[in-house]
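S.K.: Sequence and predicted structure are below.
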Amino acid sequence: MRRFAYILICISTLLSCVACFQAESKVEYAENQLVFNFKSIDDLYQFLTYDENRYPLVSAHRGGAFEKHPENALETFAFHAKKRPTIIECDVQLTKDSVLVLMHDELLERTTTGQGRISSFTYDEIVKLNLKDTRGDVTRFRVPTLQSALKWGKGKVIYTLDVKKNVPYSLVVDAIRNAQAESNVIIITYSAGQAGQVHSLAPDLMISANIKNTEDFSRLASYNIPDNRIVAFVGTKEADESLVERLHAHGIMTILGTIGNLDRQATKNGYQVYAEYIDRGADILSTDHPQEAQKALDYYIKKRKLSSPFLP
């Protein structure tokens, strides 16, 4: 009898272990499954072309940092990617030995355990540093290379790459080519001239162009960049309705930077404010509060029964 009971206990334990293994396997799969089903860059063009049923998105500014999750860290990107289809805005700097890494500041002090200019250190020196979170607390996370970010992000996120002033666009384009990441990258530009430069280097890549008024739009038009290669950053305040209508008529989606005052309005008045920005013509919200913004967009998407063939 005791032997029979012992056998039952062993079988029960074995089944429990199998169940735990299966649960862990499901979690692992959920973390690594593809989010954006882009088979080619043409799918990215289509997904980011405006129509009345466009799927609004959140862009996590500097990767969406919060407590224990530093800015420009792959671990922070992964946290957001597990929960929702996300655009990750991140920053590209260059080390002394010409390695492209993700970091916003030229100086190391604010976001890492290092000191001095990033351009004064080799990547082997940079990679030994730890990243700090939004409170300044040191984490176990390290500074990632652009190459590692592009490799990890394929199918999981869309990147908007903020290329800092001392970084040649050609190096960034080469990194995108090497990672075969064309279908999940947008390069940020700050003037029509910069947009034209990127387009001449890589006519197939998507560009985020500063278009805050009709004059900006006219200057950009002189570079003959196809409309389906452009998303328009309209600034950190809501754009004039006439500009939004003109951009939408060209199939160009808008990015509204809620960082700063508009994020504060949402914090003060409730996260439903983010949905109101979408109602008034924004298509992508670049925010320091991606989790709160997504709550509003989830409700907006569900209420309007929006979907996309490129999303699960």
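M.R.: Ah, there it is.

S.K.: now the helices for the stretch 51-200 of the chain?
M.R.: Using DSSP state H, counting those that start in this stretch, the helices of the stretch 51-200 of the chain run over 74-83, 123-126, 146-153, 169-179, 192-201.

S.K.: Can I get the longest strand seen in the chain in CSV? Just the C-alpha atoms.
M.R.: Using DSSP state E to define each element, the chain has its longest strand at strand 86-94. Taking Å, rounded to 0.1, in the frame of the first residue of the first chain, the C-alpha atoms of strand 86-94 are listed here in CSV:
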residue,chain,number,x,y,z
THR,A,86,5.2,49.2,-29.9
ILE,A,87,7.4,51.6,-31.7
ILE,A,88,10.7,52.1,-29.9
GLU,A,89,12.3,55.5,-30.3
CYS,A,90,16.0,55.1,-29.4
ASP,A,91,19.2,57.1,-29.8
VAL,A,92,22.4,56.3,-31.7
GLN,A,93,25.8,57.5,-30.6
LEU,A,94,29.3,56.5,-31.8
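
S.K.: From the contact counts, what lies against that strand?
M.R.: With contacts taken as 3 or more Cβ pairs under 8 Å, 6 or more residues apart in numbering; DSSP states H and E, strand 86-94 sits against strand 57-60, helix 74-83, strand 100-102, helix 146-153, strand 158-163, strand 284-287. Every C-beta, even on glycine, is put in place using the N, C-alpha and C of the backbone.

S.K.: for that strand, what is the average pLDDT?
M.R.: If you average the pLDDT over strand 86-94, you get 98.

S.K.: Where does pLDDT dip in the stretch 1-150 of the chain?
M.R.: For the stretch 1-150 of the chain, the stretches with pLDDT under 70 are 1-33.

S.K.: ok, back up a step: just send the helices and strands packed on strand 86-94 back as CSV, with distance to residue 118 too.
M.R.: Below are the helices and strands packed on strand 86-94 laid out as CSV (distance: least, Cβ to Cβ, whole Å):
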stretch, distance to residue 118
strand 57-60, 22
helix 74-83, 18
strand 100-102, 7
helix 146-153, 13
strand 158-163, 14
strand 284-287, 23
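
S.K.: So which of the ones you listed is nearest residue 231?
M.R.: Taking Cβ to Cβ, strand 284-287 is the member of the helices and strands packed on strand 86-94 nearest to residue 231, at 7.0 Å.

S.K.: before we move on, back to that, just put the helices and strands packed on strand 86-94 in JSON lines and tack on mean neighbour count and distance to residue 170.
M.R.: Formatted as JSON lines, the helices and strands packed on strand 86-94 follow (neighbours: other Cβ atoms under 10 Å; distance: least, Cβ to Cβ, whole Å):
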{"stretch": "strand 57-60", "mean neighbour count": "28", "distance to residue 170": "25"}
{"stretch": "helix 74-83", "mean neighbour count": "20", "distance to residue 170": "24"}
{"stretch": "strand 100-102", "mean neighbour count": "23", "distance to residue 170": "11"}
{"stretch": "helix 146-153", "mean neighbour count": "20", "distance to residue 170": "13"}
{"stretch": "strand 158-163", "mean neighbour count": "24", "distance to residue 170": "10"}
{"stretch": "strand 284-287", "mean neighbour count": "27", "distance to residue 170": "25"}
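
S.K.: Among the ones you listed, which comes closest to residue 265?
M.R.: Across these, closest to residue 265 is strand 284-287 (Cβ to Cβ), at 11.6 Å.

S.K.: got the contact list for residue 72?
M.R.: Counting by Cβ atoms under 8 Å, 6 or more residues apart in numbering, residue 72 touches 62, 63, 65, 90, 91, 102, 103, 104, 111, 131, 143, 144.

S.K.: I'd like to know how far it sits from residue 78.
M.R.: Distance from residue 72 to residue 78, counting by Cβ to Cβ, to the nearest Å: 13 Å.
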